[in-house]
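Visitor: Give me the fold of what follows.
(chains A and B)
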2 protein chains.
Amino acid sequence: MMPFEKKEYLERMKKVKESMNHKGIEVLLITDPANICYLSGHNAWSFYVHQILLVTLDDEMPIFIGRYMDAFCGVVKTTWLDENHVRAYPDYYVQSLIKHPMDYVCDVVKELNLDKKSIGVEMDNYYFTASAYKHLVQGLPDARFVDGDLVVNWVRVIKSDKEIELQRRAAKIVEKAMQTAIDSLEPGARKCDVAADILHAQVSGTQEFGGDYTSIVPLMPCGETAGAPHLTWDESRYTDNTVVAVELAGCHQRYHSPMARTVSLGKPSPKVEEIAKITIEGLNAALDVIKPGVTCEEVELAWRKTIGKYGIEKESRIGYSMGLNYPPDWGEHTISLRPGDKTILKPNMTLHCIPGMYFDDFGVSISEALVVTENGCETLANFPRKLFVKE
Amino acid sequence: MMPFEKKEYLERMKKVKESMNHKGIEVLLITDPANICYLSGHNAWSFYVHQILLVTLDDEMPIFIGRYMDAFCGVVKTTWLDENHVRAYPDYYVQSLIKHPMDYVCDVVKELNLDKKSIGVEMDNYYFTASAYKHLVQGLPDARFVDGDLVVNWVRVIKSDKEIELQRRAAKIVEKAMQTAIDSLEPGARKCDVAADILHAQVSGTQEFGGDYTSIVPLMPCGETAGAPHLTWDESRYTDNTVVAVELAGCHQRYHSPMARTVSLGKPSPKVEEIAKITIEGLNAALDVIKPGVTCEEVELAWRKTIGKYGIEKESRIGYSMGLNYPPDWGEHTISLRPGDKTILKPNMTLHCIPGMYFDDFGVSISEALVVTENGCETLANFPRKLFVKE
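Guide: Here you go, the predicted model:
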């Protein structure tokens, strides 16, 4: 059931251990479900309860610590971990007002004689709460805690060819989902019905490649709240003369390929047409400079210079690294395409370049997900890079 | 655009402040997106970046602190908060390796002269990371930090009539979605296609009530991994003689009504039939005892005694409080139906009673979402409580 061979997991473990060594981390307690999946192959909606993947420098295999129903059946049957590398806490630890699962994790760390080591924890991960941290620090007084945030994420930044193949499959799905969005968007259509059509296309996938749930739901800002791109749909209806900025992804075996396109219901105003033209010109300029050796801020600069010619500015970043992920974000929280990010691009990085232009009464978003190649970049999907007009 | 009148938000604020007073909390920094929505009306997929709702004992209105694109357009245009109660951090704080949004929050707390107060934080919330806590503690050395986890969640446990109306609408949607699941499940169908049909039904909703995304994706354990109920779908096909335990929800304006039913593809084995019969008998026994004044552990005991007659045990809890929520969980992390939970049931609590029976090779899950009434309980949905067999 695993999408990768054991050899690839071992290779990932090796890179993570190199980074641990470099940072003086002897034990890494991983909570990010994408990082857990990346190293173990465990893929389940089990992250709503506390769970940990424990990596030590000495053991080739990580240890999964989770709820009984997730650990034994799920992890043992679907990952490369053997039974000796799985620990399960009893159900009375789940969302309990008395017991905390991290107390159980402390017991495992002690049992393995790791309680005097330097322990890395993912300080700013969604699934590593302040309380989890407090319970670990109190329960392991002899350990030295080190910030291990993003240690695995930075390894994930460079994809294997097999990972990129999964993202290319996701790109086939996003092409279908975006076309579905364009077809469904009509004046008079309920927003929830358009969202339903998109979700069906995303999850059904293609005949060859089944779709997975995406880490962010389809976002379709328009009208008077177009400037707030993270509002979601309701049951109201699209009206004529509305510009809809559609951002969504395809997902296959947890690997994403996102895309944004903008749809005008009715003839767009000259202002919308102009912003779409400038956005595409800026996006093209950014894509043109992407190649190994270039820094992230140089990519953003190419965009900024281009739109600056027209007297336009944009405050927020124009892209980020992405791939394997779980809700609430498909971004990897590593690379951002923005001033100050001096990360040097390398082959097999995959980025979502999304220079969303959100104004008070309309938004234009046209993006590309891409892979950095040996001498440039290739988009993952193949979809017209234009403003779609439905008249 | 708000689903509730200002009066209801003021009532909620009053109850939260009473609880804050009781716990010695002068300022509550809220990160749980459901709690933020409950008190402000802000409903967006903006929780993938750090955001805070700040409640003080003196101000009738909370203050939203978030990313610029979410704060100004989203919050000001869609909630009862006025512009003076919104603060926005610049985009270079987003997933930055240098700046942390909680440093900005510290600045706001100081500006409001609240930095010497006792400050409650939601210690075990998904969206309150260890790093967020550390930045607050370091940035506000004169404050006294108090665990404010679940302060708002416990207020949410008792719903208003309007909230229950939204959950009843969600129940209409879950009836449709569950019927769709039963109709789509066939030997030979790809799991992703069944999931796609369900998601379409969930999000499209009914003609009257549009559907919203649910906080957990549809779960459909079956076959050799039936014992791991949180594994999600892939592109493999259902085979004949498979028992599928379907758990999903309807959602309307973020209010949930979950439901589980079990579908046998082909004639079920006597063992499956027996477990289904016992599960229903146990569920009925639990529902029969639910009324104001009864404790949560008494509800579980009624279930446990019933299945115990047949020599069967179940380790995990059989239910929890639910309603308004965001990924990754529709449960409220307060009430659990399990031994030791002495919470006394009161009218207008809404629970999901889900005694899932997961074995190595099949799972049976049959549940009801219900509201506690003046003298008993009523299920939110109306759907046959039985094992569905497709032959």
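Visitor: The top helix by length along chain A near chain B at all?
Guide: Using DSSP state H, we find that the single longest helix of chain A is helix A:161-184. No. Helix A:161-184 lies out of reach of chain B by CB under 8 Å from any CB of the partner chain, never closer than 10.1 Å. Heads up, the C-betas are built off the backbone N, CA and C, glycines and all.
Visitor: packing partners for that helix?
Guide: The contact analysis (3 or more CB pairs under 8 Å, 6 or more residues apart in numbering or on different chains; DSSP states H and E) places helix A:161-184 against helix A:191-204, strand A:242-252, strand A:255-265, strand A:368-372.
Visitor: Can you identify the element that follows the last one toward the C-terminus?
Guide: Meaning strand A:368-372. strand A:377-379 (DSSP states H and E).
Visitor: quick one: contacts of that following strand?
Guide: Strand A:377-379 has contacts (CB atoms under 8 Å, 6 or more residues apart in numbering or on different chains) with A:287, A:290, A:291, A:368, A:369, A:370, A:371.
Visitor: Could you identify which of those has the most neighbours?
Guide: Compared across the contacts of strand A:377-379, residue A:369 has the highest neighbour count, 28 neighbours, by other CB atoms under 10 Å in any protein chain shown.
Visitor: and it, bridged to which residues?
Guide: Beta-bridge partners recorded for residue A:369 (DSSP bridges): residue A:352.
Visitor: Look up how far chain B lies from it.
Guide: Residue A:369 sits 18 Å away from chain B, taking CB to the nearest CB, to the nearest Å as the criterion.
Visitor: related to what we said a few turns ago, may I see the helices and strands packed on helix A:161-184 arranged in TSV, with mean pLDDT as well?
Guide: Shown next, in TSV, are those (pLDDT from 0 to 100):
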stretch	mean pLDDT
helix A:191-204	98
strand A:242-252	97
strand A:255-265	98
strand A:368-372	98
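Visitor: related to what we said a few turns ago, specify which member of the contacts of strand A:377-379 is nearest to chain B.
Guide: residue A:369 (17.5 Å; CB to the nearest CB).
Visitor: want to try CSV for the helices and strands packed on helix A:161-184, with distance to residue B:226 as columns?
Guide: Converted to CSV, those look like this (distance: least, CB to CB, whole Å):
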stretch, distance to residue B:226
helix A:191-204, 21
strand A:242-252, 24
strand A:255-265, 26
strand A:368-372, 35
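Visitor: so which of these gets nearest residue B:380?
Guide: helix A:191-204 (19.9 Å; CB to CB).
Visitor: can you give me the angle that closest one makes with helix B:191-204?
Guide: On the basis of axes from the mean of the first three to the mean of the last three CA atoms, to 10 degrees, helix A:191-204 is oriented at 170 degrees to helix B:191-204.
Visitor: May I see the buried residues of helix A:191-204?
Guide: Residues A:191-204 are the ones in helix A:191-204 that count as buried (16 or more other CB atoms under 10 Å in any protein chain shown).
Visitor: quick one: that helix to helix A:161-184, angle?
Guide: Taking the same axes, to 10 degrees, one finds helix A:191-204 and helix A:161-184 inclined to each other by 150 degrees.
Visitor: elements contacting helix A:191-204?
Guide: Secondary elements touching helix A:191-204 (3+ CB pairs under 8 Å, 6+ apart): helix A:161-184, strand A:242-252, helix B:191-204.
Visitor: could I have it exported to CSV, CA atoms only?
Guide: Provided in CSV are the C-alpha atoms of helix A:191-204 (Å, rounded to 0.1, in the frame of the first residue of the first chain):
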residue,chain,number,x,y,z
LYS,A,191,-21.6,28.9,-4.7
CYS,A,192,-22.0,25.6,-2.8
ASP,A,193,-23.0,23.8,-6.0
VAL,A,194,-19.9,25.0,-7.8
ALA,A,195,-17.8,23.9,-4.8
ALA,A,196,-19.5,20.5,-4.9
ASP,A,197,-18.7,20.0,-8.5
ILE,A,198,-15.1,21.0,-7.9
LEU,A,199,-14.7,18.6,-5.0
HIS,A,200,-16.2,15.8,-7.0
ALA,A,201,-13.7,16.4,-9.8
GLN,A,202,-10.8,16.6,-7.3
VAL,A,203,-11.6,13.5,-5.4
SER,A,204,-12.7,11.3,-8.3
